[in-house]
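Engineer: for reference, the sequence and a predicted model appear below.
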Amino acid sequence: MDPVILFFLFGLAAGLMKSELRLPTAVYDGVSMLLLLTIGMKGGVELARQPFLGLLPDILGALALGLILPLIAFPVLLKLGRFKRVDAASIAAHYGSVSVGTFAVGIAWLEARGIPWDAQMALLLVVMEVPAILVGLLLARGLSKETQWGEVAREVFLGKGIMLLLGGLLIGWLSDPEGLDAIRPLFFDLFKGVLAIFLLEMGLITATQASSLKRYGLFLIGFGIVMPLVGSVLGSLLGLALGLTPGGVLLLALLAASASYIAVPAAMRISLPQANPTLSLAASLGVTFPFNVLVGVPIYWQLSETLRALFTGA
Amino acid sequence: MDPVILFFLFGLAAGLMKSELRLPTAVYDGVSMLLLLTIGMKGGVELARQPFLGLLPDILGALALGLILPLIAFPVLLKLGRFKRVDAASIAAHYGSVSVGTFAVGIAWLEARGIPWDAQMALLLVVMEVPAILVGLLLARGLSKETQWGEVAREVFLGKGIMLLLGGLLIGWLSDPEGLDAIRPLFFDLFKGVLAIFLLEMGLITATQASSLKRYGLFLIGFGIVMPLVGSVLGSLLGLALGLTPGGVLLLALLAASASYIAVPAAMRISLPQANPTLSLAASLGVTFPFNVLVGVPIYWQLSETLRALFTGA
Amino acid sequence: MDPVILFFLFGLAAGLMKSELRLPTAVYDGVSMLLLLTIGMKGGVELARQPFLGLLPDILGALALGLILPLIAFPVLLKLGRFKRVDAASIAAHYGSVSVGTFAVGIAWLEARGIPWDAQMALLLVVMEVPAILVGLLLARGLSKETQWGEVAREVFLGKGIMLLLGGLLIGWLSDPEGLDAIRPLFFDLFKGVLAIFLLEMGLITATQASSLKRYGLFLIGFGIVMPLVGSVLGSLLGLALGLTPGGVLLLALLAASASYIAVPAAMRISLPQANPTLSLAASLGVTFPFNVLVGVPIYWQLSETLRALFTGA
Amino acid sequence: MSPESKPQIKLLTVITETALEHPLQRDLRTLGAKGYTISDARGKGSRGQRDADWEASGNIRLEVVGDEATVRRIAEHLQQRYYDNYAMIIWLSDVEVLRPGKFSTPSSS
Amino acid sequence: MSPESKPQIKLLTVITETALEHPLQRDLRTLGAKGYTISDARGKGSRGQRDADWEASGNIRLEVVGDEATVRRIAEHLQQRYYDNYAMIIWLSDVEVLRPGKFSTPSSS
Amino acid sequence: MSPESKPQIKLLTVITETALEHPLQRDLRTLGAKGYTISDARGKGSRGQRDADWEASGNIRLEVVGDEATVRRIAEHLQQRYYDNYAMIIWLSDVEVLRPGKFSTPSSS
Ligand SMILES: Nc1ncnc2c1ncn2[C@@H]1O[C@H](COP(=O)(O)O)[C@@H](O)[C@H]1O
Ligand SMILES: Nc1ncnc2c1ncn2[C@@H]1O[C@H](COP(=O)(O)O)[C@@H](O)[C@H]1O
Ligand SMILES: Nc1ncnc2c1ncn2[C@@H]1O[C@H](COP(=O)(O)O)[C@@H](O)[C@H]1O
Ligand code: NA
Ligand code: NA
Ligand code: NA
């Protein structure tokens, strides 16, 4: 088995056993920062290698995906799940946005198999973080004057996650290759080890969602599994339509399937405080994240290859 | 000289000079976690390579060693050292258990010399952490009803140290070799550098024991040197009896010689609060740890080789 | 562009945009410690390779430079800048001392170009940290009895920075080459990546000086640029007089040009509390550090090469 | 120290979610606090365990010293604005500030 | 604010060894505390310097707000159970809690 | 709890720059404090924002419990020695210490 996945399972088991194992916050923060910077830089390096032409359709496609996904999730949560309006809107926003940890697992999975992916994927990751937040706020309160959109934008764009991804992208883009070689040992060679440590902590955090899950029951579990499957289909189709490589299609499917557990919760806590944060975290962190990491990636690979065969006849 | 040892001496000197040098707690915690995981994984990788047969005698032997060592130490501390019953019991428990930092130094010493060791040593390390704690509690209070054995077991088994060692073992065991290659740069290539940082902090901590040592005097110093020598003889003999490789015999001698300064103090503080924690820390951290790290390892190597020649005629 | 510089610019931009990006204190501390140890060790390794003869002139020269620089800066700050006596003295002390972060950037710059430098530079770095502090205190209060020189010396010599540099020097000096190879992956291979992280945080910190700069105006900005230029000329000349290699001359110019932002502020806060710390930090951190890192290094290289041609006729 | 000579100085202590650190700082500026102190904390209350295990689950401990009127105004504002939707507890106590001059709006400072 | 209308609310502050964090949390649950706040600390007292240099040598600072009876019961329990064997100091002070309803067991809540 | 039976015990709280941690510890030793507790903090006051963003810009929160005379002596010393040149705020409050014996110099301990 891939040790990276074993680290996640180990964290999950330790957490469920209520062990005292815990990563110091500073270590977890440091590890997350490294991942975000590295993912950004990997993207930036590739972008520098090829013409910038033709990225606009990809960006618009990713934007659209980020807008549509919460619109699919919202009525389901409201009608079937019988959640309050604000809670349905907040959960929907989580699923329209993306998870960088999940994306990192996807990258590691492709790297382990030597499958390349499209340079712009890191950029699309950034693009997909934001729109669902706006949709979520609109769903919750309409075009209410109360919403301080400037505030929301500041909170999201100046948040740690997007800053590091964009910063990494720009650094990767503008750096000379020899310069990059000198920082490769820290940012690139350690990538998978750092991801392992990150997943250990994610396992521990996932375990803390168990009690919320028990309380809020089966519907959230079902939603947390079905919604990513729906997302992965849409993501695959968009990837194929955009003509991405197989690796790129997988990553877009994974982005669509993943749910935010950092940027969106933080934005919702400030902009939509009436929404219960434990609901959305239980779903995105307690169900969807482990589902994607443990079994989702190969499923989406299979799915995207099947769809490719169907549509391209290849 | 080995830079790893120089890092320890540097920390010790800086501490004794009352410099302001200090590792941030989060860095120390992170570094300890890496060491524990790596040691576990190194063990697990080897275990995966060979048949599991024949480990039971080793495990039983290690358990016995962990039970016998505190029984040797206790009367000496009570009669010769004139310590209170609870203090004698607590110190005895520290010496029956083991120190992972010391074990890591032993591994680095063997690696530097290209001497292999037996796969199960990391497992025996885990096995030897616990029994002495139980013996210590029994020595202090007999089979008193007051002792909440369930509590004690939870505290010990779910503590950070054992969790990480066992987790590492399992991850190493179950991982595919290619997967491990991808995390090697962080966990294996950095091992000795990380050990150096760890020993720097250990030197600083050791220095904080100087004042306690001054107060509690010569007996503790003598005990902190003689007891590991006794332990190393028993450990060597057990290793030879179990038919371990020379590297394995050294590591078992070192485990027996080492005294706990993390797991046991934490367990004693909760389960035997009347025992004075500065006494046992002064001995295990202020005397035995530096003794083992600075001069013990080569002595035990010599010793174990001599005993091997004696008994096997080789 | 060199990614290391891009990391600094990224931090600066993020800081000026008031993003929430911030390195956890423990990570910043850990990263600084690694840099200091590595710089010390790099120096120590080289010192071990060559005869110790002839270092005395270099040490005396560096000491003299550290004494002269604040004597040049002080009257300018007092007369032209119209600062209070204590503030002029404190700022002068900052510019007589050195910045390890700047030195690290210089080393990385030389390494990237394959230019060697003299082994003793790390030693001279240590030598130049201290004397300016004493000059600063003397300038502020004369040989006042109030000054507890013992205290000052303790504060400076036992501070984290000098301890780690000296410790690293000694470890590098006394270690066997094979031993060093085993810790190379952490301390040497990661050096430039660690420097990148460090500069990211330095950019963020530099940005926090913007408001002080606005308040204290143009003089500080001018001083923060002209003073390093003056220093670099003196440093270059001294380096040439001492017969250093081109790399060594550059590093000495850079040391003279750099201003302390850790050791001296800490010492001044305790020993000269009447001095306003925001003034000296605004200059050294808000102006001189970015100037040296962004444009200073190549300027000083050009300068030192020109001076070399002038004086040696080479 | 007779009650008529000095206005009562109060210490306001607020324990709440880390997410509110920035918004609270803005509020304090608007509401006329002369200063504040923040430290990190964890805890448990009517809205569950807040373990500081990770970013979103920590608490902060905010302290504001000031004259009674200002401090009560701040407390009431925070309660009204945040209490319903955030984990939060607020308490007041009497303190004596050395150099209280800066907190007494009427006469000095 | 007349003493007969409201029960006195007290703040209990305990400084003790980090090792007691989990046991104290269990005790608080048993003894009926409605909540608590913990932060990290270091210090010095009759049982020596506790520098937080490493795991075992740090302190925690525990705060519990509640009605006087509950808080005194907790304080006495902690003192009895831990004071002899652990570094520990306990103090009480008067506080006024906004929305104190939840702390007054008799009438409301 | 009648005022004549017990001397008043006070809690002194000081928020100041991290740079003063060591000097203050020395002062407390000299001035006869029986103990102290320190934790890390950040904040804002008349001398600007202190964000703890990096080493030199953090605050500490120092607490000393003791009999009124000792605590006032300490407070006055700190104020005199540091207040002009360092970010610092000092306040006092009444506390009741369990086992206050060790703080009352006259009779016991
Ligand atoms: N009775 C209490 N005593 C001390 N701290 C409390 C108490 N109740 C709540 N807290 C703190 O305030 C935070 C929010 O409380 P709550 O809104 O009741 O969940 C908790 O996480 C605790 O840190
Ligand atoms: N007089 C005091 N004022 C403030 N904190 C104290 C005092 N005495 C003790 N402490 C704190 O309580 C902890 C335990 O105290 P002790 O049991 O007296 O060693 C110390 O490490 C300090 O953090
Ligand atoms: N009114 C206040 N309430 C609470 N804390 C304060 C107050 N004023 C100042 N402080 C704290 O004391 C530190 C120094 O204050 P100052 O000397 O006024 O800048 C600040 O950084 C704050 O942490
Ligand atoms: Na998604
Ligand atoms: Na042992
Ligand atoms: Na200089």
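Structural biologist: Perfect, I can see it now. Ligands and ions are numbered 1, 2, ... in the order given.
Engineer: list the pairing partners of the helix or strand of chain D at the bottom of the mean pLDDT ranking within its sheet, with orientation.
Structural biologist: In chain D, no helix or strand scores lower on mean pLDDT, DSSP states H and E than strand D:48-50, which sits at a mean of 90. The pairing partners recorded for strand D:48-50 under DSSP bridges are strand D:36-45 (antiparallel).
Engineer: low-confidence ranges, the chain, go.
Structural biologist: With no chain named, the answer covers chain A. Within chain A, the ranges that satisfy pLDDT under 70 run A:51-52, A:143-147, A:313-314.
Engineer: was after chain D, sorry
Structural biologist: Looking at chain D by pLDDT under 70, you get D:1-6, D:55, D:100-109.
Engineer: spell out which parts of it neighbour ligand 3.
Structural biologist: Contact residues (C-beta under 6 Å from any ligand atom) of chain D with ligand 3: D:34, D:35, D:36, D:37, D:63, D:64, D:65, D:66. All C-beta spots, glycine's among them, are computed from the backbone N, C-alpha and C.
Engineer: mind redoing it with 8 Å?
Structural biologist: Within reach of ligand 3 by C-beta under 8 Å from any ligand atom, chain D has these residues: D:11, D:33-38, D:63-66, D:102-103.
Engineer: list the buried ones in the least confident helix or strand of chain D?
Structural biologist: By neighbour count on 16 or more other C-beta atoms under 10 Å in any protein chain shown, the buried set for strand D:48-50 is residue D:50.
Engineer: cool, and stretch A:98-108?
Structural biologist: Buried-residue list, stretch A:98-108, by 16+ other C-beta under 10 Å: A:98, A:99, A:100, A:101, A:102, A:103, A:104, A:105, A:106, A:107, A:108.
Engineer: quick revisit: top of the residues of chain D next to ligand 3 by number of neighbours, please.
Structural biologist: Counting neighbours by other C-beta atoms under 10 Å in any protein chain shown, residue D:66 leads those with 28 neighbours.
Engineer: out of the residues of chain D next to ligand 3, which is nearest to chain C?
Structural biologist: residue D:38 (14.4 Å; C-beta to the nearest C-beta).
Engineer: OK, contacts around that closest one?
Structural biologist: Residue D:38 makes contact with D:21, D:60, D:61, D:62, D:63, F:41, F:42, F:43, according to C-beta atoms under 8 Å, 6 or more residues apart in numbering or on different chains.
Engineer: mark which of the residues you listed are buried, thanks.
Structural biologist: Applying 16+ other C-beta under 10 Å to those flags D:60, D:61, D:62, D:63, F:41, F:42, F:43 as buried.
Engineer: in a markdown table: those, plus distance to residue C:276.
Structural biologist: Formatted as a markdown table, the buried ones among the contacts of residue D:38 follow (distance: C-beta to C-beta, whole Å):
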| residue | distance to residue C:276 |
| --- | --- |
| D:60 | 30 |
| D:61 | 30 |
| D:62 | 28 |
| D:63 | 26 |
| F:41 | 22 |
| F:42 | 20 |
| F:43 | 19 |
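Engineer: which elements pack onto the helix or strand where residue A:4 lies?
Structural biologist: Secondary structure assignment for residue A:4, by DSSP states H and E: helix A:3-16. Using 3 or more C-beta pairs under 8 Å, 6 or more residues apart in numbering or on different chains; DSSP states H and E, the elements in contact with helix A:3-16 are helix A:191-208, helix B:160-174, helix B:177-184.
Engineer: point me to the residue of chain A nearest ligand 1.
Structural biologist: residue A:278 (12.3 Å; C-beta to the nearest ligand atom).
Engineer: from residue A:179, how far off is that residue?
Structural biologist: The spacing between residue A:278 and residue A:179, counted by C-beta to C-beta, to the nearest Å, is 45 Å.
Engineer: more neighbours, these two?
Structural biologist: Counted by other C-beta under 10 Å, residue A:278 and residue A:179 do not tie: residue A:179 has more neighbours, with 21 against 16.
Engineer: not counting its neighbours along the chain, what's nearest the residue in the stretch 201-314 of chain A that chain B sits nearest to?
Structural biologist: Sorted by distance to chain B under C-beta to the nearest C-beta, the residues of the stretch 201-314 of chain A start with residue A:203, at 10.0 Å. With sequence-adjacent residues excluded and distances taken as C-beta to C-beta, 6 or more residues apart in numbering or on different chains, residue A:203 is closest to residue A:11, at 2.2 Å.
Engineer: my guess is that neighbour contacts residue A:197. True?
Structural biologist: No - in this structure residue A:11 lies outside contact range of residue A:197 using C-beta atoms under 8 Å: 9.6 Å.
Engineer: which residue is it, in chain D, that comes closest to ligand 3?
Structural biologist: As assessed by C-beta to the nearest ligand atom, ligand 3 sits closest to residue D:35 within chain D, at 2.3 Å.
Engineer: was I right to think that residue contacts residue F:47?
Structural biologist: No - here residue D:35 does not reach residue F:47: they are 9.1 Å apart, not a contact under C-beta under 8 Å.
Engineer: residue contacts, residue A:122?
Structural biologist: Residue A:122 touches A:39, A:40, A:42, A:43, A:44, A:165, A:168, A:169, counting by C-beta under 8 Å, 6+ apart.
Engineer: 6 Å instead?
Structural biologist: A:39, A:40, A:43 (C-beta atoms under 6 Å, 6 or more residues apart in numbering or on different chains).
Engineer: list the residues that contact the last one.
Structural biologist: This means residue A:43. Contacts of residue A:43 by C-beta under 6 Å, 6+ apart are A:122, A:123, A:169.
Engineer: relative to residue B:23, how far out is the last one?
Structural biologist: Read that as residue A:169. Residue A:169 is 33 Å from residue B:23, by C-beta to C-beta.
Engineer: these two touch, right, the residue nearest to residue A:203 and residue A:204?
Structural biologist: Yes - between residue A:11 and residue A:204 there is a contact under C-beta atoms under 6 Å: 4.5 Å.
Engineer: which one's more surrounded, these two?
Structural biologist: In this view residue A:11 and residue A:204 are compared by other C-beta under 10 Å, and residue A:11 has more residues nearby, 28 against 24.
Engineer: give the buried residues for the host helix or strand of residue A:94.
Structural biologist: Taking DSSP H and E as the definition, residue A:94 sits inside helix A:85-96. For helix A:85-96, a neighbour-count test (16+ other C-beta under 10 Å) marks A:86, A:87, A:88, A:89, A:90, A:91, A:92, A:93, A:94, A:95, A:96 as buried.
Engineer: from the residues you listed, which is closest to chain D?
Structural biologist: For the buried residues of helix A:85-96, the nearest to chain D is residue A:86 (10.0 Å; C-beta to the nearest C-beta).
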